[in-house]
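Trainee: Let me see the structure of the following:
(chains A, B and C, ligands or ions: 4)
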Amino acid sequence: MDTTTNRWRTIDIVVASVIAVAFGVIFWAWGLLWGATDAAFAFFPPAQAIMYGVWLVPAVLGGLVIRKPGASLYCELVAAIVSALLGSQWASIVILQGLIQGLGAELAFAAFRYRSYRLPAALLAGALTGLSAAIFDFVYWNKAYELANYRIPYALLTIVSSTIVAGLGSWLLTRALANTGVLDRFPAGRDRALV
Amino acid sequence: MSGVELRGFGWRHAGRKRWAVRGVDLRVERGERVLLLGASGAGKSTLLAALAGLLPEDSGEQEGTVEIDGLEPRKARERVGIVFQDPETQLVMARSGDDVAFGLENRGVPAGEIWPRVDEALRRIGFPYHRDRPTAALSGGEQQRLALAGVLALRPGLLLLDEPTANLDPAGATLVRRAVADALDADTTLILVEHRVAEALPLVDRVVVLEPGGGVRADGPPGAVFAAHGDALAEAGVWVPGRTVPPRHATAPPGELLLTADRLGLPPRLAPTDLRVRAGEALAVLGPNGAGKSTLALLLGGLLRPGTGAVTGTPALAGADARTPPHRWRAPALAGRIGSVFQDPEHQFVTGTVRDELALGPRRTGQDEAAVRATVDALLERLGLDRLAGANPYTLSGGEARRLSVATALATAPRLLICDEPTFGQDRRTWRELVDLFAELRDAGHGVVAVTHDPDFVAALADRTVVLERP
Amino acid sequence: MIGVQPVATPGAPLARRNPVAKLAAALIFSFVLVATLDPVAPAIAIAVELAVLPLFGVRYRVLARRAWPLLASAVGILVTLVLFAADRSGPVLLQAGPILVTQGVLVTAAGLVLRTLAVALPGIIVFATTDPTDLADALIQNARAPARFAIGALAAFRLVPLLEQEWRMISMARRARGVDAGRNPLARLRLFGSTAFALLVGAIRRGTRLAVAMDARGFDAGTPRTVARRQRFTRADGLLVAGAAVLAGGALAVSVALGTFRPLIG
Ligand SMILES: Nc1ncnc2c1ncn2[C@@H]1O[C@H](COP(=O)(O)OP(=O)(O)OP(=O)(O)O)[C@@H](O)[C@H]1O
Ligand SMILES: Nc1ncnc2c1ncn2[C@@H]1O[C@H](COP(=O)(O)OP(=O)(O)OP(=O)(O)O)[C@@H](O)[C@H]1O
Ligand SMILES: [Mg+2]
Ligand SMILES: [Mg+2]
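Mentor: Ligands and ions are numbered 1, 2, ... in the order given. Here you go, the predicted model:
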């Protein structure tokens, strides 16, 4: 059976790409919104990190839907490249970020040895992708800010947002997608029959 | 070594209790040209997918065997070319030429040979643009022809075509049929699915009729098959050539005015058009691909804002709302007055099951639950969808999806019904059922506007026709 | 609204370079600059970037349109720094309640804003001048990216302009069936959410069908693929990459020589 091996079928590649492309478009729009809300968060700028989870959804969602090693990394990276192609203002740096963020979720699924895709795995993937994103931002974007009042709350909020939005959110989204029948050719869609 | 061999073949789609096809024993020799017929939902498209090796084991259950030149279909993919019912999802690349080249690259054709073969394939199907033309800028008919070119360029030994001319204007359909005829050489086997037998006959030398319950109902040279089984086949839904259907024209003169369009247009999609729709009248809108018929249908249906001119509903249709244009009406009011059927049925589906899909409109327009159930059951039964009530609309066959989309608009019994290609992909029986439904509706004082390429439909139902030209 | 086609004048000398070379040059140029926090190196880099822009055939107006959201981020950086700067050395310029602006704060702000711009511009320039099909081809042929994945991603990318159309179709379908939100903002939000979900479902459904269509034309049949559109990596492409490295290194060197260099790590 194809589905139990780690080789990606064409449908795995294309659907992972479609998820990535859809989120690439969302990233592009989210980037504009992010820039526009900078001022809104002036009262406490680290609070903007509560919006962070959206950047990390494809990493977890890709893993939950495709269930193959590399899916998280691939989806997050391609989503980043697509947003750059569409003209995201952050361009090439998002590719590096996508790579690092994808790795976080990938590690979580690997920790479950690519066997469990239940809620705990999703939450861990959300938390780890958030952690990897937070580490990158801690070093790269936020280096010049105060440690206790900015960098640490920002990093913690990033992880919280990512666990909730990317982790729990992707898990719910996967379930909703499975219920529509579009995932019937994926293991994620077949779980439905068992419930 | 023969062409195609099926032994006791059957396929059941995952999630379905019934077999889509079953008990098919069929042998097609190399170089034969076969027309595959059968009622809508008989499993024709499923059978073609099986021959092309496109039924993955994780999507259903198989019975019996299929062999192409003695090989399993999945292993014989190199020899098979297929064009599906729906052209839009078959294009892979962003530029037309690249799309034709895609298959050649996959088959490892040497780089030097690729572009000459691409150009030849494009020339054969009469592609009017340069090969850099973006695929997104092609009309439905052009996409269909491009998909055909992508397959012809591969020079397949077995060519599978699933209603390749549905949605094409008569000139485009002739062009496609000619391209297919030109592409066939003595060694190419053809299996063609097409409801309209008369047009397809010049291409084929054998007819195979699938029985919906399972097995093959009739098989042989067209003349012999239709002479021996003509009546029975016509009864079962096959468009047997030479058998016309009784027309259903209006018996009473048209009634009050419902909707007028003055200089209605949407550049560059639709040139300004004048139109009047009356109650108790069926109006057919004709014209070549790209003339703007679908655009007109959406404008009349209050779904698009006009670019020029105006659409006005009369008080007979809209009561007090007649002062505002339909595209500004609230949706529940709109759905109760004007029903729209889109050209692509899948664009219209909103819910997860056939039953919910039918119930949605009546619920939104405020019918009570018992009335909703009665309406839904009656429509399911009449259009042969009752056993599919629990199915997901996106898993229906082409013809079933079309009927469902028409039924969703009928469910709210709107005073005015606007349908875009309401009869494509129908067998003779479902086609008649649709014509009867429209006729009853019209005779009960509703207005019907149908955009169509189907001359039989125009002959049978239309009281008046309007022809659009390309803008 | 969403541009998926390159916006540059085609024949411009650098726009014509191999996409992999352009991407590599942009990445190298950006990542060398990541190393520092001072304002001098990014300022030099920005000057270089603006100077080569005509060679890429990108007009300044186009660049401005793509880059303007960065200016919004620049304001954000400034506000954040005023409130949270770690380094408040140097003479005090302004003090009002908790707000303390020193020269150190301003230097850091200038550094961060300039760095954000300097790091982003190369990517913007490259992606504005690169056709997605060419990029996928070059990634396969010159960077040994796995062909199945690159082509799969490219096929999915073709759906981007279709998503917008699909959105309109879904909205029309709902309206035709009597579903709308009226003026109630909550109902609007719900309708927006369910339309977006329907869009995602539709995109995945298209993806599964596209995969079938690709398989039908021999994708992933095991036959080694040939390439119809040859992408070459020439000496000029190598020079572009090397030039990017040299210029970025030069910017850093100047900064070090002037003593303004502030390493990111350490
Ligand atoms: N993906 C699918 N999942 C579940 N059921 C399916 C799927 N595709 C088709 N079916 C069902 O299988 C049966 C045969 O469908 P098929 O598309 O082969 O019919 P067809 O003969 O081509 O009909 P038409 O002339 O209307 O196109 C139908 O009842 C249809 O609802
Ligand atoms: N959403 C759209 N945006 C831009 N152009 C469009 C859009 N939809 C259709 N067109 C173009 O407008 C013209 C008219 O399209 P329309 O679909 O109304 O034609 P039609 O007469 O229905 O054709 P067909 O017989 O092929 O269905 C075509 O050239 C088409 O390419
Ligand atoms: Mg069919
Ligand atoms: Mg049309």
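
Trainee: Please state the backbone phi and psi of B:P455?
Mentor: The phi/psi pair for B:P455 (degrees, to the nearest 10) reads phi -60, psi -30.

Trainee: Can you name the next helix or strand after the host helix or strand of C:G76?
Mentor: Element membership of C:G76 [criterion: DSSP states H and E] is helix C:60-84. Following helix C:60-84 in sequence order, the next helix or strand is strand C:92-96 (DSSP H and E).

Trainee: and that next one, is it in reach of chain A?
Mentor: No: Strand C:92-96 does not reach chain A (CB under 8 Å from any CB of the partner chain); its nearest approach is 15.1 Å. Heads up, the C-betas are built off the backbone N, CA and C, glycines and all.

Trainee: Downstream of that strand, the next helix or strand is which one?
Mentor: Next element after strand C:92-96 (DSSP H and E): strand C:99-102.

Trainee: B:V277 and B:G447 touch, don't they?
Mentor: Yes: counting by CB atoms under 8 Å, B:G447 is a contact partner of B:V277 at 4.8 Å.

Trainee: Could you tell me which residues touch both of the two?
Mentor: B:258-259, B:283, B:416 (CB atoms under 8 Å, 6 or more residues apart in numbering or on different chains).

Trainee: Where does A:V165 sit: helix, strand or coil?
Mentor: helix (DSSP: H, G, I helix; E, B strand; the rest coil).

Trainee: ok, back up a step: look at B:V277 and B:G447 and report which has more neighbours.
Mentor: For B:V277 versus B:G447, the count of surrounding residues by other CB atoms under 10 Å in any protein chain shown is larger for B:G447: 28 against 24.

Trainee: Which residues are in contact with the residue nearest to B:A39 when sequence neighbours are not counted?
Mentor: If the residues on either side of it in the chain are set aside, B:A39 comes closest to B:G237, at 4.0 Å by CB to CB, 6 or more residues apart in numbering or on different chains. For B:G237, the contacting residues are B:38-40, B:427-430, by CB under 8 Å, 6+ apart.

Trainee: which SSE is the residue of the stretch 1-150 of chain C found nearest chain A in?
Mentor: Nearest to chain A in the stretch 1-150 of chain C, going by CB to the nearest CB, is C:G123, at a distance of 2.4 Å. Applying DSSP H and E as the criterion places C:G123 in helix C:103-128.

Trainee: Tell me the helices and strands packed up against the helix or strand following that helix.
Mentor: Moving toward the C-terminus from helix C:103-128, the next helix or strand (DSSP H and E) is helix C:132-142. Applying 3 or more CB pairs under 8 Å, 6 or more residues apart in numbering or on different chains; DSSP states H and E, one finds that helix C:132-142 contacts helix C:19-33, helix C:147-157.

Trainee: And the residue of chain B that's closest to ligand 3?
Mentor: Closest to ligand 3 within chain B is B:S45: 3.2 Å, counting by CB to the ion.

Trainee: same thing with chain C?
Mentor: Counting by CB to the ion, chain C gets nearest ligand 3 through C:R209, at 14.0 Å.

Trainee: Now for that residue: which residues touch it?
Mentor: For C:R209, counting by CB under 8 Å, 6+ apart, the contacting residues are B:86, B:89.

Trainee: Ramachandran angles for B:E67?
Mentor: phi -140, psi 140.

Trainee: Is it correct that it is in contact with B:E5?
Mentor: Yes: using CB under 8 Å, B:E67 is in contact with B:E5, at 4.6 Å.

Trainee: Does the residue nearest to B:V372 when sequence neighbours are not counted lie in a helix or a strand, and which?
Mentor: If you skip the residues right next to it in sequence, B:V372 has B:P362 as its closest partner in space, 4.5 Å away by CB to CB, 6+ apart. Per DSSP H and E, B:P362 falls inside helix B:354-364.

Trainee: Output the contacting helices and strands for that helix.
Mentor: By 3+ CB pairs under 8 Å, 6+ apart, helix B:354-364 packs against helix B:331-337, helix B:369-382, helix B:398-410.

Trainee: now do 6 Å
Mentor: Here helix B:354-364 touches helix B:369-382, helix B:398-410, going by 3 or more CB pairs under 6 Å, 6 or more residues apart in numbering or on different chains; DSSP states H and E.

Trainee: and among these, the most buried is which?
Mentor: Ranked by mean neighbour count under mean count of other CB atoms under 10 Å in any protein chain shown, those are led by helix B:398-410, which reaches a mean of 25.

Trainee: Could you pull up the residues touching residue 103?
Mentor: Went with chain A since none was named. Going by CB atoms under 6 Å, 6 or more residues apart in numbering or on different chains, A:L103 touches A:S132.

Trainee: sorry, should have said chain C
Mentor: C:90-91.

Trainee: Also the one 4 residues further on?
Mentor: Neighbouring residues of C:V107 by CB under 6 Å, 6+ apart: there are none.

Trainee: What about B:R429, how many residues nearby?
Mentor: B:R429 - counted by other CB under 10 Å - has 17 other residues nearby.

Trainee: Quick check: which ranges of chain B have low pLDDT?
Mentor: For chain B, applying pLDDT under 70 flags the ranges B:1-2.

Trainee: brain fart, the stretch 51-200 of chain C
Mentor: Ranges of the stretch 51-200 of chain C meeting pLDDT under 70: C:98.

Trainee: Indicate the residue of it located nearest to ligand 4.
Mentor: Closest point on the stretch 51-200 of chain C to ligand 4, by CB to the ion, is C:M169, at 13.0 Å.

Trainee: which SSE is that residue in?
Mentor: helix C:160-176.

Trainee: That helix: which residues count as buried?
Mentor: By neighbour count with 16 or more other CB atoms under 10 Å in any protein chain shown, helix C:160-176 contains the buried residues C:160-161, C:163, C:166, C:169-176.

Trainee: what about the helix or strand hosting B:G230 and ligand 1, touching?
Mentor: Assigned by DSSP H and E, B:G230 belongs to helix B:222-236. No: residues of helix B:222-236 contacting ligand 1 under CB under 6 Å from any ligand atom: none, with a closest distance of 12.7 Å.

Trainee: one step back: put together JSON lines for the helices and strands packed on helix C:132-142, with mean neighbour count on each row.
Mentor: Listed next are the helices and strands packed on helix C:132-142 as JSON lines, based on neighbours: other CB atoms under 10 Å in any protein chain shown:
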{"stretch": "helix C:19-33", "mean neighbour count": "23"}
{"stretch": "helix C:147-157", "mean neighbour count": "24"}
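
Trainee: Serialize the ones you listed to TSV and add fields for distance to B:L138.
Mentor: TSV is the format used below for the helices and strands packed on helix C:132-142 (distance: least, CB to CB, whole Å):
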stretch	distance to B:L138
helix C:19-33	26
helix C:147-157	16
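
Trainee: So for ligand 1, which of those helices sits nearest?
Mentor: The closest of the helices and strands packed on helix C:132-142 to ligand 1 is helix C:147-157. By CB to the nearest ligand atom, the value is 20.7 Å.

Trainee: Identify all contacting residues around that closest one.
Mentor: Counting by CB under 6 Å, 6+ apart, A:13-14, A:17-18, A:21, A:78, B:92, C:132, C:136, C:139-140, C:210, C:220, C:225 sit against helix C:147-157.

Trainee: Need the CA coordinates for it. PDB is fine.
Mentor: Written as PDB, here are the backbone C-alpha positions of helix C:147-157 (Å, rounded to 0.1, in the frame of the first residue of the first chain):
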ATOM      1  CA  ALA C 147      11.500  17.700 -10.100                       C
ATOM      2  CA  ARG C 148       8.300  16.200  -8.700                       C
ATOM      3  CA  PHE C 149       8.100  18.700  -5.900                       C
ATOM      4  CA  ALA C 150       9.000  21.700  -8.000                       C
ATOM      5  CA  ILE C 151       6.500  20.900 -10.700                       C
ATOM      6  CA  GLY C 152       3.800  20.000  -8.200                       C
ATOM      7  CA  ALA C 153       4.300  23.400  -6.500                       C
ATOM      8  CA  LEU C 154       4.200  25.100  -9.800                       C
ATOM      9  CA  ALA C 155       1.000  23.400 -10.800                       C
ATOM     10  CA  ALA C 156      -0.500  24.500  -7.500                       C
ATOM     11  CA  PHE C 157       0.700  28.100  -8.000                       C
END
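
Trainee: Kind regards, and thank you for your time.
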